[in-house]
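Enquirer: Below is the structure, and that's it, no one-letter string:
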């Protein structure tokens with residue numbers, strides 16, 4: 001198992017690859033992945049995130065318990081148990097919820113600072129060795145309630161409803177409010193298309209070199225018919241990767257796709273880094 005995983009990762013270090021080769025390597029990695037190991041790692045990292053949040057926001061002084069997750073198994077099938085504080089309710093109830101798990105292989109773009117018009121974005125794709133897998137928490141009505149494990153490259157746990165309410169209150173974030181209002185149904189609509197694999201990528205970029213970070217709402221991707229599609233959350237449809245990037249990003253923005261976040265558990269500040277040079281203590285590949 002160890003040699004297979006490293007062989008796949010080594011093959012990703014090659015600079016050039018055809019679209020089919022890139023897709024085959026992504027699928028091969030998932031087929032060989034020790035998911036019990038990854039789920040255990042995700043549980044540990046997300047709970048570390050919860051402890052950091054609890055301490056940073058001084059929730060002990062408010063009498064609020066620390067949130068936590070646990071991934072359990074029923075007849076070999078994983079499911080998620082989430083114990084969290086529902087701050088949207090007046091009494092701040094502690095609620096324990098059970099949901100389904102949908103794994104999403106995390107990819108990143110490496111070396112895009114040398115991108116030239118007409119290049120194939122598939123050539124720049126690598127597995128994100130810090131995140132590896134994010135997961136969507138899906139309830140029994142097939143509605144996504146949360147994204148876990150460095151969602152958008154940074155957050156350990158993102159409760160969709162809570163973030164949607166936050167952006168609705170911010171008039172300058174109307175677009176983000178629209179994106180979050182569509183998020184609960186994205187996984188369900190993608191699954192109806194029978195994808196071979198669901199992916200995620202943070203698509204972080206700095207606008208004209210400023211410190212403000214924006215999202216274009218294309219963080220969920222999927223593979224079908226030997227192509228990678230970005231799920232356009234606003235228009236609720238899949239768009240082929242190259243077409244999506246070229247429609248929505250200027251050249252300087254494409255070249256900055258190799259910039260990503262340092263996940264929250266490694267830094268209390270929202271700091272950026274260049275992809276492709278992950279420190280050893282931040283690599284989460286199961287061996």
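Expert: Thanks, I have the structure now. Just so it is clear, the structure is predicted and the values come from calculations on it, not from any experiment. Numbers count the residues shown, from 1 in each chain.
Enquirer: Okay, now the unreliable bits of the stretch 101-250 of the chain?
Expert: Along the stretch 101-250 of the chain, segments meeting pLDDT under 70 span 164-173, 204-215.
Enquirer: Repeat the analysis, applying 50 as the threshold.
Expert: In the predicted model, the stretch 101-250 of the chain carries pLDDT under 50 at residues 206-213.
Enquirer: And the residue nearest to residue 93 when sequence neighbours are not counted, how close does it get to residue 94?
Expert: Using Cβ to Cβ, 6 or more residues apart in numbering and skipping the chain neighbours, the partner closest in space to residue 93 is residue 86 (5.0 Å). (C-beta placed from N, C-alpha, C; glycine too.) As judged by Cβ to Cβ, to the nearest Å, residue 86 and residue 94 stand 8 Å apart.
Enquirer: Give me the more crowded residue out of those two.
Expert: residue 86 (15 against 12; other Cβ atoms under 10 Å).
Enquirer: okay but the more buried one is in contact with residue 67, surely?
Expert: No. The pair residue 86 / residue 67 is not scored as a contact, 10.4 Å apart, by Cβ atoms under 8 Å.
Enquirer: Quick one: residues contacting the residue nearest to residue 93.
Expert: Shown in contact with residue 86 (Cβ atoms under 8 Å, 6 or more residues apart in numbering): 92, 93, 94, 95.
Enquirer: Dump these into TSV; add pLDDT, distance to residue 22 and secondary structure as well.
Expert: Formatted as TSV, those follow (pLDDT from 0 to 100; distance: Cβ to Cβ, whole Å; DSSP: H, G, I helix; E, B strand; the rest coil):
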residue	pLDDT	distance to residue 22	secondary structure
92	73	46	coil
93	80	46	strand
94	85	44	strand
95	83	41	strand
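Enquirer: Could you pull up the contacting residues of residue 134?
Expert: Shown in contact with residue 134 (Cβ under 8 Å, 6+ apart): 103, 104, 106, 147, 148, 149, 150, 151, 200.
Enquirer: these two touch, right, the third one and residue 133?
Expert: Yes. Taking contact to mean Cβ under 8 Å, the distance of 6.3 Å between residue 106 and residue 133 places them in contact.
Enquirer: Report the beta-bridge partners for the closest residue to residue 190 other than its chain neighbours.
Expert: Spatial nearest neighbour of residue 190, chain neighbours left out: residue 222 (5.1 Å); criterion: Cβ to Cβ, 6+ apart. Residue 222 forms beta bridges with residue 198, residue 229, as assigned by DSSP bridges.
Enquirer: In contact with residue 222: list those residues for me.
Expert: For residue 222, the contact set (Cβ under 8 Å, 6+ apart) comprises 190, 193, 195, 196, 197, 198, 199, 228, 229, 231, 238.
Enquirer: Just the buried ones from these?
Expert: By neighbour count, with 16 or more other Cβ atoms under 10 Å, the contacts of residue 222 hold 190, 195, 197, 198, 199, 228, 229, 231, 238 as buried.
Enquirer: how much space is there between the nearest residue to the fifth one once chain neighbours are set aside and residue 231?
Expert: In other words, residue 199. Once flanking residues are discounted, residue 199 sits nearest to residue 221: 4.0 Å by Cβ to Cβ, 6+ apart. Residue 221 sits 7 Å away from residue 231, taking Cβ to Cβ as the criterion.
Enquirer: and what of residue 278?
Expert: 26 Å.
Enquirer: can you check residue 44 too?
Expert: Distance of residue 44 to residue 231, given as Cβ to Cβ: 29 Å.
Enquirer: do residue 174 as well
Expert: Separation of residue 174 from residue 231 (Cβ to Cβ) stands at 20 Å.
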